[in-house]
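In: A structural model of the following input is requested.
(one chain, ligands or ions: 1)
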Amino acid sequence: MPRFGTWWLSERLYWKKIRVTCECGVMRQYDAKALFDRIGDRSMPALLGEISAAIGCEKSANVYRDRCKLTYEMPPGELSASRH
Ligand SMILES: [Zn+2]
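Out: Residues are numbered from 1 along each chain as shown. Below you'll find the predicted structure:
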């Protein structure tokens, strides 16, 4: 079940691969389990911010406008990274 309205990495390990894309052209793929072992559990939105920073997107520090558009590439059948 989602905690606090967001999904957590521990709930998404079955994806096997965490794929992210950004309109700035960045595409990355992470092994879900390796990521979990390395950084521990994270909410998916928080994880996205960390990945953005790790990638070094120049917009990752922008919080209010012109934000990094990094997003999860959802596996088929998944609708959203967060549910409310
Ligand atoms: Zn970006």
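
In: excluding chain neighbours, what is closest to Ser43?
Out: Take Ser43 and drop its neighbours on the chain: the residue closest to it by CB to CB, 6 or more residues apart in numbering is Thr6, 4.4 Å away. C-beta: built from backbone N, CA, C; applies to glycine.

In: near that neighbour, how many other residues are there?
Out: The tally of other residues near Thr6 (other CB atoms under 10 Å) stands at 17.

In: could you give the backbone dihedrals for it?
Out: phi -130, psi 160 (degrees, to the nearest 10).

In: and the gap between it and the ion?
Out: For Thr6, the distance to the ion equals 21 Å [CB to the ion, to the nearest Å].

In: how about Pro45, secondary structure?
Out: Following DSSP: H, G, I helix; E, B strand; the rest coil, Pro45 is assigned to helix.

In: surely it and Trp8 touch.
Out: No. In this structure, Pro45 is not within contact of Trp8 by CB atoms under 8 Å, at 10.0 Å.

In: which residues of this protein lie near the ion?
Out: Proximity of the chain to the ion (CB under 5 Å from the ion) is limited to residues Cys22, Cys24, Cys57, Cys68.
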